[in-house]
Every structure is written in C-alpha cells, then in structure tokens.
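# Return atomic coordinates for the entry below.
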Amino acid sequence: MRQRWISALTLITLLTAAIATIVVHGLNSQGHSTWHGLGEGTITVTTAVPPKPVISYVYFSTRSIKPGDWITVTVKARNDGGTAKWMTIHIGLPFNPPTSDVVIVSTDLDSAKVYPPGSEMWAGYGSYKIKTKYVIVEGYTENWKKGVEKTLTIKVKFPDTDTVAFDLKTAAEGAGQFKYYPTSGMIDQQDEYVLPYLILRKFTVTVTQGGTAEPSPIRIINHRRYPYKKTQPSMRVEEFVVEDYGGFKGKITATNIPFTIAPGETGELKLKVSAASDCPTGTYTIRYYVRGSP
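Presented below is the predicted three-dimensional model:
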C-alpha cells in the first residue's frame, strides 16, 4: 500500500514539473507572458527567361534604284522570349546618305532617332563605345513584353549609286542576359551582326523573238562598314532567282555565279536573256532576287 502511494506521489510530482516547464516557456526573462504567432508562406522558384529578339517583317516600297526618288522601308521586330528590360530596332545605312535625306516616317517605339556620322554609340554588344562612320537609324522600347511586335518606318532618298544597303538588327537585355539578332553574318561598324538588304539598279535590255541578249552587268557593292575591332567579311554571290517574269516568255539566267566581293569592292553579276519565239512584242518588268553569304 505504501509502495502504491509513493508511485502516485511520484506521478503527481512529475506532472507538476511538466506543467511548470510549459509555463516557464511562456514567460520572458522578467517573468511576464508573451504572445506567439504561427503562419505559413509559399515560395515558388522559377527560371529567369531571357528575351529573344527577332526581325519579324521587312518591307521596301521599291525594288530598284531611281536616283532622286525616295524609298520607304518598314522593319518590325518581335520579342519571342521573356520580358526585355529594353529592346531595339536598328537600320544601318553604310552607303552613308546625308542625314537630310533620311526621315523617320512613323514608329511605335518609345524613342527613335537618326544618328549622323560621328555619333558616340555602344559597340560590341555593350562592351565599348565608338564614333560612327555612317548614318544609323535606331529606336528602343523599355519593358518589351513577350509576343509584342514594334515597328520602325523610315524613308531615304536614293543617291546616284549602283547599290543601296540597309543593315538590319535588333538587340535586347533581360534576365541578366544580352540577346541579339542576327547571330552571324555581316559585321557592321559596331562589331555586331547585321542582316543586309540590297537595292540594285534596274537593268534594261532589248531582245528579239527567239533570240538572246546580255544586259549590262548588275553592279553589286559590298559597302565598307568599318568594324572597330572585328573583320568585315567578303560577300559571296551564290544565287539568282526570277520571282516573277511579268508575262515575259523566255528565260533569264546568271552566267557567272558564284563569285566573291571583297569589302569596299564592286562585283558584276552577268545575265543572259532568252526570249521564246512566240513571246509577244512589248516591254516587261521582271522581279528577281540575288542572295548569298554571309
């Protein structure tokens, strides 16, 4: 009986000690009670998606040079990646017309400007600054969202030359990364890749029904772009394709491709025109393109 009483007493003592311990944890050092709040939080870890700039559309109001006339050029760029801190549309003019012959027609970019030769601009994708050698038109938009497309339209007066070149590119910064388009090819004065579009002189030729003729060669200029550190590549002419014969019955072929044009030099594309014997007499306008690398 004594043994049982001692066990119960021990049990009470232990319970009392446990309760006392809990109460002590609810007191501060001065013996005053404190309160506690409990809660939860959700943390989601995602991958930062960099922007992906692309040239999505290009339009030229004419396909051949007419000295003194104006050509309208529209360039669209789209962000196919994550939100860009900023993103640009760039049109370089290595044939270097007077700035008075270059006009921004319209844009929905935050800002756009014609930069004359001698302008200080970033080069090497933000690595260093240069003084430009020829005219540039460039604009930008901040906080450029995924899927958004922006437009820059300019007009330029044709000089009396054989080739007019428009160098296109777009660049963006976001998610701690610098992205650009194109990612290879021609190098411009900023040591960055560009996508050149060339407008050439219109050729004319007279040919008899069932006969052949050779027009004067089409002169193609690889304009010097004056890269600051890198080396401008030569242009290789590899393909001549007639897109639209305009009703002309016959055949037009390039007779000397492929050939290469060094920087600052002019190459000549030679054509042969053959008219079918049943080709109606008249004047025809054909549409063609020439392309190659880089």
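# in the stretch 1-150 of the chain, which spans are strands?
53-60, 64-65, 70-79, 84-93, 102-107, 111-115, 120-123, 128-131, 135-144, 149-157 (DSSP state E, counting those that start in this stretch).
# At the geometric centre of this protein, which residue do we find?
Thr170 (2.6 Å; C-alpha atoms, centre = their mean).
# Enumerate every residue touching it.
Going by C-beta atoms under 8 Å, 6 or more residues apart in numbering, Thr170 touches Pro53, Val54, Ile55, Ala77, Met87, Thr88, Ile89, His90, Tyr180, Tyr181. Any C-beta I mention is one placed from the backbone N, CA and C, and that applies to glycine too.
# Break the protein down into its structural domains.
The chain breaks down into these domains under automatic domain parsing: 53-201, 212-293.
# Tell me how far the shortest one lies from the chain's centre.
Same thing as domain 212-293. Here domain 212-293 is found 26 Å from its chain centre; the criterion is C-alpha atoms, centre = their mean, to the nearest Å.
# what mean pLDDT would you report for it?
Across domain 212-293, pLDDT averages out at 97.
# cool, stretch 68-77 as well?
Throughout stretch 68-77, pLDDT has a mean value of 98.
# Other residues contacting it?
Taking C-beta under 8 Å, 6+ apart as the rule, stretch 68-77 contacts 53-62, 87-89, 91, 105, 149-158, 160, 164, 166, 168, 170, 181, 199.
# What residues sit buried inside the lengthiest strand in the chain?
Secondary structure of the chain per DSSP state E: the longest strand is strand 163-174. With burial defined by 16 or more other C-beta atoms under 10 Å, the residues of strand 163-174 counted as buried are Thr163, Val164, Ala165, Phe166, Asp167, Leu168, Lys169, Thr170, Ala171, Ala172, Glu173, Gly174.
# And for stretch 118-134?
Applying 16+ other C-beta under 10 Å to stretch 118-134 flags Ala123, Ile130, Thr132, Lys133, Tyr134 as buried.
# mind checking the end-to-end distance for it?
Terminal residues of stretch 118-134 are spaced 8 Å apart (C-alpha to C-alpha, to the nearest Å).
# who touches that stretch?
Counting by C-beta under 8 Å, 6+ apart, 92-96, 115-117, 136, 171, 173, 178, 180, 189-192, 225-226, 228-229 sit against stretch 118-134.
# Quick check on the residues you listed: which are buried?
Among those, those classed as buried by 16+ other C-beta under 10 Å are 92-96, 115, 136, 171, 173, 180, 189-192, 225-226, 228.
# hang on, the earlier thing: of the buried residues of strand 163-174, closest to Asp110?
Of all the buried residues of strand 163-174, the one with the least separation from Asp110 (C-beta to C-beta) is Ala172, at 13.4 Å.
# check contacts around that closest one.
51-53, 79, 81, 84-88, 144, 178-180.
# Pick out whichever of these sits closest to Arg236.
Nearest member of the contacts of Ala172 to Arg236, counting by C-beta to C-beta, is Tyr180, at 23.0 Å.
# picking up where we left off before, who does the residue nearest to the centre of the chain bridge with?
As for beta bridges, Thr170 partners with Tyr181 under DSSP bridges.
# Against Lys113, how distant is it?
Going from Thr170 to Lys113 by C-beta to C-beta, to the nearest Å gives 16 Å.
# which residues of this protein fall in helices?
2-25 (DSSP state H).
# now Glu238, nearest residue through space, not along the chain?
Nearest non-adjacent residue to Glu238, counting by C-beta to C-beta, 6 or more residues apart in numbering: Gly292, 3.8 Å away.
# For that neighbour, give its distance to Ile65.
Distance of Gly292 to Ile65, computed by C-beta to C-beta: 19 Å.
# neighbour-wise, which of the two wins?
Neighbours were counted for Gly292 and for Ile65 using other C-beta atoms under 10 Å; Ile65 has more, 20 against 17.
# The more buried one contacts Ile218, correct?
No - with contact defined as C-beta atoms under 8 Å, Ile65 does not count as touching Ile218 (10.9 Å).
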